[in-house]
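K.L.:
Sharing a sequence plus its predicted fold:
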Amino acid sequence: MSKKVILFGAGEIGNKAIDFYGKDNISYICDNNMKLHGTTIRDIEVISFEKLLEVHKDSRIIVSVLNVDAIKQITGMLEVNNIPYAFFMDDMDSGESIKEVFTNIYKEKKWGGNEEFYS
C-alpha cells in the first residue's frame, strides 16, 4: 500500500477496517466524537477533523461508518475541503443493505462518489 490510510469513523466498521487494512497501514482514525480525540484505538491515535485537515495530504481517507446521517455529514465535510475519499463496507450486519444505504444518500445528496480518490 503506497499511501497510509486515515479511517473516518472509530466505531464497529472502523474496527473491521483496521482488520482489513492492517493497523500498520493506518496512520490515524478521525472521529467526530470529541471524547475520543487524543485517545487510541488498537494503538492508533484518534484525531479531530481539524487535525485531519493538517495531516491528510499523503493519506487515503476511508469513510468507515454505515449510518446514513453520519455518512452525509462526513462526506460533506470532506467535499467542502476538497479531500478525496472512499468507503469501507463490510458485510452489513446492521440490517440495512449497502444498496439501501447508498440509495438513501444518493437521493438526498445527488452524488455518486469521488473519482479523484484512485487517481
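P.N.:
Alright, I've got the coordinates.
K.L.:
Residue 14 sits in which helix or strand?
P.N.:
Element membership for residue 14, per DSSP states H and E: helix 12-21.
K.L.:
Can I get that helix in PDB? Just the C-alpha atoms.
P.N.:
Taking C-alpha atoms only, helix 12-21 is exported to PDB below (Å, rounded to 0.1, in the frame of the first residue of the first chain):
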ATOM      1  CA  GLU A  12     -17.600  -1.100  14.700                       C
ATOM      2  CA  ILE A  13     -17.000  -0.600  11.000                       C
ATOM      3  CA  GLY A  14     -13.800   1.300  11.800                       C
ATOM      4  CA  ASN A  15     -12.500  -1.700  13.800                       C
ATOM      5  CA  LYS A  16     -13.400  -4.000  10.900                       C
ATOM      6  CA  ALA A  17     -11.500  -1.700   8.500                       C
ATOM      7  CA  ILE A  18      -8.400  -1.900  10.800                       C
ATOM      8  CA  ASP A  19      -8.600  -5.700  10.500                       C
ATOM      9  CA  PHE A  20      -8.900  -5.300   6.700                       C
ATOM     10  CA  TYR A  21      -6.100  -2.800   6.100                       C
END
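K.L.:
And that helix, how far out from the chain middle?
P.N.:
In terms of C-alpha atoms, centre = their mean, to the nearest Å, the centre of helix 12-21 is found 10 Å from the chain centre.
K.L.:
Tell me what angle the helix or strand that it is followed by forms with helix 12-21.
P.N.:
Next helix or strand after helix 12-21 toward the C-terminus (DSSP H and E): strand 26-30. If you take axes from the mean of the first three to the mean of the last three C-alpha atoms, to 10 degrees, strand 26-30 sits at 170 degrees to helix 12-21.
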